[in-house]
Each structure stands twice: as structure tokens, then as C-alpha cells.
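Participant: Return a 3D structure for these sequence lines:
(4 chains)
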4 protein chains.
Amino acid sequence: MMGHPATVIMAQICDVQNRRNESGFKLTKVGVTGVRKLVHVARPDSENQNEPLICTIDVFVDLPAEQKGSHMSRNLEVIREIVNESTLNPVTGIEDLAATISKLLLKKHEYATTANVNIEAEYFKGSVTPHGKKTTEVYKLIGQAVNTRDGKLDKTIGVQCIGMTSCPCAQENVAETLGCSKEWPVITHNQRNVCTVIMTMDENDSVEADDLIDIVNSSFSSPTFELLKRDDEAAVVINAHTNPRFVEDMVRIVLKKIVDRYPELPDNVEITIRSESEESIHKHNAFAERTALMGELRE
Amino acid sequence: MMGHPATVIMAQICDVQNRRNESGFKLTKVGVTGVRKLVHVARPDSENQNEPLICTIDVFVDLPAEQKGSHMSRNLEVIREIVNESTLNPVTGIEDLAATISKLLLKKHEYATTANVNIEAEYFKGSVTPHGKKTTEVYKLIGQAVNTRDGKLDKTIGVQCIGMTSCPCAQENVAETLGCSKEWPVITHNQRNVCTVIMTMDENDSVEADDLIDIVNSSFSSPTFELLKRDDEAAVVINAHTNPRFVEDMVRIVLKKIVDRYPELPDNVEITIRSESEESIHKHNAFAERTALMGELRE
Amino acid sequence: MMGHPATVIMAQICDVQNRRNESGFKLTKVGVTGVRKLVHVARPDSENQNEPLICTIDVFVDLPAEQKGSHMSRNLEVIREIVNESTLNPVTGIEDLAATISKLLLKKHEYATTANVNIEAEYFKGSVTPHGKKTTEVYKLIGQAVNTRDGKLDKTIGVQCIGMTSCPCAQENVAETLGCSKEWPVITHNQRNVCTVIMTMDENDSVEADDLIDIVNSSFSSPTFELLKRDDEAAVVINAHTNPRFVEDMVRIVLKKIVDRYPELPDNVEITIRSESEESIHKHNAFAERTALMGELRE
Amino acid sequence: MMGHPATVIMAQICDVQNRRNESGFKLTKVGVTGVRKLVHVARPDSENQNEPLICTIDVFVDLPAEQKGSHMSRNLEVIREIVNESTLNPVTGIEDLAATISKLLLKKHEYATTANVNIEAEYFKGSVTPHGKKTTEVYKLIGQAVNTRDGKLDKTIGVQCIGMTSCPCAQENVAETLGCSKEWPVITHNQRNVCTVIMTMDENDSVEADDLIDIVNSSFSSPTFELLKRDDEAAVVINAHTNPRFVEDMVRIVLKKIVDRYPELPDNVEITIRSESEESIHKHNAFAERTALMGELRE
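Facilitator: Model (predicted):
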């Protein structure tokens, strides 16, 4: 297995990446993952015109069969240039940040035909408890761009929200078992649910992440809150038990609201809704997902 | 263990799941994730005819638009039945386990048209150091099945291996900067690389996970070992520096070996090779990937 | 910052670790972390006399001020020797495995005065649902040893269990808010709870991990199960609501059971009980912990 | 958002937590974990007077034996009050934030004798490559406070940095094996190293996290950088190979620099230094740690 004596012959101009590759295989994605950056975002109709987001950024371009290596450091130059600009001119969303980065990637990697950018960030947003107290809740934002040299740019906007689901099946089973009065909400198991919405569309179409968060929060058995005093805690529990939801229900309710909310979006918008319940009665999770085009959902 | 005087006698059993759903949306995947199971595997040509694997299992079926819920507990019954059988008749691989589970899922969920199964497990396998010492190394196995009611079953076999890559570009830069003698291998940065091979094929085709592990290990700048005494440590370092590899090189070398190793596999086998280097000189990772059909790779 | 030209002067006998260290600082712990090993365990009164456990092992020794480096590869030799023996003579528990490894560490690192070993493993154990169905549940085992050259060996046995807690406070708030009949269990929020028991004692004392798991499972609002058909699901929900528990209650109930269960254990046994609820109504967790000597708990 | 006709008017508010507990066990720590908050920090001598940090916050108080439950929602009120203030008056560091929170915890939990606060945050800080290019690097900050009602407040300041270590032992082994010229730096394995410094002191003593980061960065074989063009990449590799370091060396070098840097700190300051190398030649990590009082280190 030992290869020594080493003959490591060096060219005089050191640009290993530009050398010819003999293998004959192009690569689909070459780049960097896990780059952490502080980005400044301006939300259009928010009091906060300079929201700081800590982003985890992955960027990739494809590589033709003839070329040995991609220029990895150019990826970091691109990210840095765009992120630095955001401190002067805050970006309008991480999906727009992804789109801007993807364009500069294609410019700097002249051999590439496609650029891919994935960004994730935590996002703090005000909420209001059932009894009207203001809280701040945390969500995950997802922004992506796939940009091809022929000018097509697909961008993706996504959110991930944590809420509460209570099980309608166990509720009925218990009611039957105990012969419960239906006057009061019946006990069932309830738990954390993680619901994700991901929408991919043309560069010129758009949705607001804030709207997606509102849609998901209103689809849980109940949204959850960082601070609940007694009356609010009772209200959340009562709400959750008067709106029992399977993971299947969650996905379908969100789908319905998205179809209703965005009549102007074209049929080719791709939508993925995912709901995962960290079951209180099991050590494993329950899961439901739908992936579809907007056109299919409108049929 | 029961605290309440619940006589728990079910009369007309409620079946919320079978109710009609009004929303009109079918679901792509409904099921459970993160089920942990101890499975017994028999490797065909191994001394160990009863290898224990701790598997993390996800199973899903689709759900028609008219039906409110999937029967979640059936998923666990299916997993349990198949896993229990493995204690008597060890399965031949986790991709076969996935395939068997997917068949029983379609049987038990009579309304489903597709079943999806994903399994991951850690796998311990003997290795030999450059100087001939035996060690045991740990890998990740991936097994998947997508089974449709019309009889098509695609199975996926994958491995994830940790090895070492050393950078050819920095090696040349250093040689130039220092005007190094080429008599000895030149310094560069090297690091952990995580390389993943995933192959999807018809049920009747097959590859051995052990072969994929060998292919990946022989494609690193050097494989890595749990125990290295002085002479072996030196040999690993020398090997790694006489075989410098970009993440791009890793993917292409593995692609080449897979094309050469499996001439009998049909052109429609789908292959993904991924190489991610946890760069020692950066806090982020370098990444390369190719997704292709075997036919494309043979062109 | 650049240090070149490099003068890297080499001694002719290559044993860097044994060189004198000039800094004057001894080190508390030097070793390796994250070693993965398949270990065979024989449970005394189990049908399974050869239980496979996948262990994550950390081992450390201290290092005197005068010595430059610890011999890292000896740690792996020690682990390998003990683990290989377990395939012939299964160990009686991972705390005993930790103790045995710690003894050999002190033997092989002649300069060390203390050896530390931490082991964690997933453990599959049979359980029974309220209606008598058999299931298999997964737990985490913890085994540790701290061994000093003067002959003192403290060993640690721990378990981590996932169960269900329902909140007594929200239950009363809801009852008052709605003016609920107390005839039926009142709704509240419930969620996954992770409860950890860690006990440190002399080498000659011992507790069975299986007993600790039983104690924790019987202290949840309800234990949880991989497979629950309708009647069992209802029973688990009813149990959980007739035994509402704060995280504080969980810790105190487990403490009480441990004091009652082990009258023979000496007063110097150290006990940590920890209960963490992944709150369904919040995005954060609730937490309670007690660390005490057995003697303090008996007062 | 409320679905039930819950008028939610509380009459005689129930207060389960204040009830008497019969078990006789006090609890060491009761509180909440994993609270995410956006905090504004003003660094004393930085251009940025309003640094945003996303903090993960855990807070706990103890609970006397007689009391059934701690008032969990008060913890969130305390965190919210202090964090909201930080938007107007940025805090001077997360250890000061921890100290301020701990004081208000003792005020709001009148039954508690001790308050514990742990905070972690990612921190972006400018750096300069060997050839003088500016980059931004990411670190982890740690701030803690332990506050007792008798007026003693211990605060903890910590940093976690990622850098590069190259192995001195393998370097010598290779030199001997190959009979290398010592004119050029000899090859060895190198990898990501994660180094953590944690210092606990009286409230009135202090150290700057920025200084600790500088100390750690200057103790690696080389610090690492997000963006390295060719000349800088060569310089980092050359530096790393002219400054080979065991994990043991890392800890001792940092200890030495801390003793030298802080002559004014009292002998009772507690110091933990930890260095963990994600070994490129192994799948496991190498680890070294020292825990000591400043007085012991000065002997």
C-alpha cells in the first residue's frame, strides 16, 4: 500500500485546479458547506430594518469532465462580497441572498453551467398569546437558489416551525373507553410537532416567509409560546384539545391554506409540506409529507 | 401499572383513520421515523454468520385523498415482524431488510400504492494496517427500498466511510514557496474525509456493501485505522502525501472503480458519490458530488 | 506569523512522548474520545447470555509535569484487548467493562496516577404494555470508572430513559377555567421526558441497570412503547393523565424509590437524578436535577 | 385563534407549585434549558457597539424540600426582562448577562438559595491571514453565573476556537523512516482541533473573551481562516508544520500564556483548558485537559 519513493513532479505554474482531468467524469456539485456568516436583512413591512441573521451557507457549482478541480476559494470570495454588501444594503430575504450569490458564482466560475446555494438561519419573530401577551418565538428560515447559465434561476423559500399537535384518534379511543361526557374536551396525547414548508419558484415570483410562518402556526393544534402564565397555559391546552390533528391533517391544512393564499402563483411552483410529531407516547416520531406542483394541488 | 379504574373494554372500536377526508389532497409519505431495532445479519462469505446491527428505521406509505389517516401502528407491527424473523433467519443485508419490510407494508396498508423504507446502521469490519496489523473499523451502512403496488421494487445500497485526504494544491504551493526538493513528499494540509456511495437498482440486481467499502477505502489519500503504532503511523502519513486528493478526485476515482467493478450492472442503476472534507485549514468543509446513471458513466 | 525557514531538529531516537516537558504543567486527563466498539455482555438473569452493545468509549490518564506526551496508541491497545476478551467471556455490564479497562490503563501508562473511562451504549430491553403485549424498548446505558494508583476504584452505573410526563399545574388551571367535572381525567399538556439516573460507588458495591430502568419507567406519568394498538394507546393516555408529574416530581419519586430499593448501599454512594421535559407547549425544555450522597437522602 | 368557547376567567387561581411537598427531598437545580434569544452586546473597544448574539440560555434555581414546584414561567420573565433591556443598553459580555439574570432569578424565586445561568453564543470576530488579508472567523462564547443568596457570585467566561494541529511524533517517525533532509519541514498528519478555555472568578474580576481567543489562536500549530488564496494557504501549511503540537502541548501552551497574561487575577480563579483533535489518521479524537486553580498553576 506504500507509495514511496515519492515522485510528486511539480509544474512550474501552480494551478492544479485548471489542469486537464483524465477521468472523463464531470461532477454535479463541487463547493463548500457549513460556512457561517452574520447577514443583515431588511424585512419590508417590519419595524426592524436591519435584522441580523446567523446563516449557515453551502455553495456549489458543477465541474466539466475536462477540469481537475474547482476553485474553492472563489466560493468564499463570493460569499464574502455579497455578505459584506448586506451590511450596507440589507438583503430582502435569505432566498434573495441565495439568488444573488448564485449569480456571482456563475460569473466567477467561468467553467460552470449551474450554481447551487443553500442557506439556513434562525429567525426571531414576535407572536401574541391567546390572552394578548407579546412573546418572541424562534423559527428556521430556508433559502435556496439553483441558477443555470442559460438564465433560468429557481429560488426556494422555506420555513420550519415548532408547534403542538394533539391526537384525534387517542381522544376518541379514550372517550369510548371511559364513556366520557363530550361536554369537556377529552384527554389525549400531545407533543412537539416540527412543520416545514418549502416552496420553489421562478426568480420573479415570491412569497413572504412571515406569511408561511403564520400559515403553519395557525395549522397546529396550537402554536407554542416562550412565556405562558396560568391563563394562557390553560388556553393553549384547551385550544390544542379542541383542534386535534394527525400529522396527516397538519400537512393537508397547510396545503389548503397555501392554495388559497397564493392564487397568483403559477402552476409550476413546487411545494413540499412536512410534519413530524415527536410522539409523547412513543420513542419514535410520526411523519407526513406531500410534494406537489401548485397546479396539481389546484385540480 | 394502570392508575385509573379504566376497564378499557372497547365496544364499537373507533377508527378515525378510516374516515373520509374532505380536503382532497393525497399525501406522498406517511409513516414513522427513528425506530431503533437490533437486527441480525448474515454476511455471505464472513466468519460471522450472525452480525448484530443497530438499525435506525424510517417507513412510509402514501395515502389516498379520500382517507383521513394512515394506520401508524401497522408500521411498527411490520417492522417488528420482520426484525423478529431476523433473529431466526438472519437477513442478508439491510437493503434486503428494507425490501422485505416494504413488501409487508404494502400488504398491511391496503390503500397504499407506494412504500418507502430507509435504514441506517453502524457496521464493524476488519481491516489491515500498512504493516499488516489487524484492526476493526466502523462504517455506516444505508439500505433503502421504494416499492410500488404494480410490482416495481427499487432497492438502494449505500456505505459511508471516514478516511484521510491530503491536498494536492497546497502541496504544490508549498513546494514553490519553499523551493522544496522533490526527493521527499512535500507537506500539505490533510484531514478527515467522509465519503458516501449510494447505488439504487432493481430488486434482482445487487452489490455487496463490503465491496463498496473496499472501493472507497482504496480511493482516499489513505484509509484510517483505530490503532497505529509508530511504523504504521509513518506509513499512513507517507501514503497520504504520495496520493494527494481533492474531494473532486475522490469522487472521480470512486466512480471509475465502480464502473470497472460492476460491468454486469444495467445502465439504469443510479449512482451518487459524495466526498466531504472537514478541512484542517478552514472551519468549513469542502464538498464534491456526482449523481448519474450507470449508463451515463459508461459513455 | 510565519516560522520558516524550518529548523525542526530531530533526535535520533524517536519517542517524542517520553521527552522531558519544560512547561511545568501536569495534565488532568489525556486520552482518546469517541472510540466505537461492539461489545458482548452477559446479563446475569436474562435469556440473552450474549447481548451485543455498540459502545462509545472515552479513556484518559493523567500526565505528570515532566513528560511531554501520553502514549495515545496504548489506549487503543487496552480497549482492543479488553473488548476482544468480551467476545469469549462476555462482560457483566459496561460499568465492569469500564473498571477492567481502567485497571489495564494504569498498567500500560506507568507514569499515570489516575485512569478515567466513560462508556455509553444503547440497550434494548423487553417491556409489556398495559394490556399485556410484549414490546422492545431502547435505553441508554452509562458506565464509568475512575481508578487511582493507590487502589481506589469508583465505578458509575447510569441509565437514560424516555417516557411521558403530563403537567399537573395546567390540569388544575384547565379544570378551573372550564369548571370541569372531576369525574373524568382533565386535559393537560404532556410530552417526552428524558430521565437520567447516575450512581457512583465503590468497586465492590453494585446495582443492576435493569432495576434502574424499571424504577425510572414506573416514575413517569406513563412509560412509552414502540407499538400501541387502540386499547393500549387509550390506557397509556389515561394513565398519564391520572399520574400528572412535574419534572420536580419525577426526580423526587425516583430518589425515593432508589433510597427504598437499596438499603444495603453505603452512605457514600453518589446519586444524580435528572429529568428533562421536551415541553409540548414551549420550544424550550423544563429541567430538574438532584445531586446528593445516599447518606444525605436517608436523613 | 381560540377554538373552544373558553371564557378563561380565572377565579381562585390554583397554584400547584406552592403546595407542600411530602417527599422530603430538596432539588439542586430546577429550571429551563434551550431558550433561544437574540441579545445585543457592546464590546468595549470595538467599532461595533451593538453586536448581535444568538444565545442559548439555561437557567436554574434550587428548590427547598417543602415546596412542590418551582415557578417555571418566572424564569422566562426574567430572561425576557434582561434581554429586552439589552436592546436599549447592550450588555458588556454574556458572562455579565448571566450574572444579571442570576440576580433577578434570586429576586423572583424568593424560596431559592442558589441561581445558575449558562449561556452559549456564536461570535464573529475579524482576523488577519499570514499575508495580511482580513477575514471573519466564528467562535463559541460561554458565559455562566452561580449566585448564592448570601451574596457570592461566581462568573465564568469561556471561549471555544477551531484551529489546526500537526503531530510532532508522526513528523519524527516519517523523518526517520524516509531519512528525510531536515532542510524542509517534514510531512505529518494535521487536523481540526477544538480548544476550549473556561475561567471562573469572582464577579469583580474579569477577562476579555477577545483576549482568550487570541491566546488560543496563537497556540494552535496554525489558526485557520475562512478564505485563503494560494500564498496564504502555503503559509498556513508551513506554519502548521514548523509548529507541530500534541493536544498535550496545546493545553500547556495555553496554560502558560494565561498565567503570563493575567498576573493580577487572584489565586482562586478556576481554569479549565481542553484540546480535542479530530484526528485525520483515526476515526476517533485525541483529547487533553487540565483543570486547576490559578494558584496551582503559579507554583
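
Participant: which non-adjacent residue is nearest the most centrally placed residue in chain A?
Facilitator: Taking Cα atoms, centre = their mean as the criterion, A:Ile142 is the residue nearest the geometric centre of chain A, at 2.9 Å. Closest residue to A:Ile142 apart from its sequence neighbours, by Cβ to Cβ, 6 or more residues apart in numbering or on different chains: A:Gly158 at 3.2 Å. Placement of C-beta: from N, CA and C, glycine included.

Participant: Tell me which helix or strand that neighbour sits in.
Facilitator: Using DSSP states H and E, A:Gly158 sits within strand A:153-166.

Participant: Next up, the contacts around A:Lys133.
Facilitator: When contacts are counted by Cβ atoms under 8 Å, 6 or more residues apart in numbering or on different chains, A:Lys133 touches A:227, A:229, A:232.

Participant: any idea how far it lies from C:Glu248?
Facilitator: 25 Å (Cβ to Cβ, to the nearest Å).

Participant: What of A:Ile187?
Facilitator: With Cβ to Cβ as the criterion, A:Ile187 and C:Glu248 are 22 Å apart.

Participant: Then A:Gly126?
Facilitator: With the distance defined as Cβ to Cβ, A:Gly126 ends up 31 Å from C:Glu248.

Participant: where does chain A have low pLDDT?
Facilitator: For chain A, the stretches flagged by pLDDT under 70 are A:1-15, A:23, A:44-49.

Participant: Which residue ranges of it form strands?
Facilitator: With strands called from DSSP state E, chain A shows them at A:27-41, A:51-63, A:114-128, A:134-148, A:153-166, A:190-202, A:222-223, A:270-277, A:285-293.

Participant: do the third one and chain B meet at all?
Facilitator: No: in this structure, strand A:114-128 remains apart from chain B according to Cβ under 8 Å from any Cβ of the partner chain; the gap is never smaller than 10.0 Å.

Participant: May I have the strands that pair with that strand, each with its orientation?
Facilitator: Sheet pairing of strand A:114-128 (DSSP bridges) gives strand A:51-63 (antiparallel), strand A:134-148 (antiparallel).

Participant: How about the fifth one?
Facilitator: For strand A:153-166, the paired strands and their directions (DSSP bridges) are strand A:134-148 (antiparallel), strand A:190-202 (antiparallel), strand A:222-223 (antiparallel).

Participant: Output the residue of the stretch 51-200 of chain A whose distance to chain C is smallest.
Facilitator: Ranked by Cβ to the nearest Cβ, the top residue of the stretch 51-200 of chain A for proximity to chain C is A:Asn173, at 4.0 Å.

Participant: Please report how far the nearest residue to that residue once chain neighbours are set aside lies from A:Thr196.
Facilitator: What sits nearest to A:Asn173 in space, not counting adjacent residues and going by Cβ to Cβ, 6+ apart, is C:Ala234, at 4.0 Å. Counting by Cβ to Cβ, the separation of C:Ala234 from A:Thr196 is 30 Å.

Participant: mind listing what the residue nearest to the centre of chain A touches?
Facilitator: Counted by Cβ under 8 Å, 6+ apart, A:Ile142 has contacts A:94, A:118-120, A:156-160, A:196, A:198.

Participant: Tell me the one among those nearest to B:Phe287.
Facilitator: Among the contacts of A:Ile142, A:Asn118 lies closest to B:Phe287 (Cβ to Cβ), at 11.0 Å.

Participant: from what I can see that closest one touches A:Ile57, true?
Facilitator: Yes: in this structure, A:Asn118 is within contact of A:Ile57 by Cβ atoms under 8 Å, at 7.3 Å.

Participant: Looking at those two, which one has more neighbours?
Facilitator: Taking neighbours as other Cβ atoms under 10 Å in any protein chain shown, A:Asn118 and A:Ile57 compare with A:Ile57 leading, 28 against 19.

Participant: A:Glu289 contacts A:Val251, correct?
Facilitator: Yes: A:Glu289 sits in contact with A:Val251 when judged by Cβ under 8 Å, with a separation of 6.7 Å.

Participant: Of those two, give the one with the bigger neighbour count.
Facilitator: Using other Cβ under 10 Å, the more surrounded residue of A:Glu289 and A:Val251 is A:Val251, with 29 against 21.

Participant: where does the stretch 1-150 of chain A come near chain C, residue by residue?
Facilitator: So far as Cβ under 8 Å from any Cβ goes, the stretch 1-150 of chain A lies against chain C at A:137-138.

Participant: residues from the stretch 1-150 of chain A in reach of chain D?
Facilitator: Residues of the stretch 1-150 of chain A lying close to chain D (Cβ under 8 Å from any Cβ) are A:4, A:14, A:35-38, A:52, A:54, A:73, A:76-77, A:80, A:122, A:124, A:130-131, A:136, A:138.

Participant: Just the buried residues out of those residues, in PyMOL syntax.
Facilitator: Those of the residues of the stretch 1-150 of chain A next to chain D that count as buried under 16 or more other Cβ atoms under 10 Å in any protein chain shown are selected in PyMOL with:
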select buried, chain A and resi 4+14+35+36+37+38+52+54+73+76+80+122+124+130+131+136+138
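
Participant: returning to that earlier point: could you measure from the residue nearest to the centre of chain A over to C:Glu208?
Facilitator: The gap separating A:Ile142 from C:Glu208 is 47 Å, by Cβ to Cβ.
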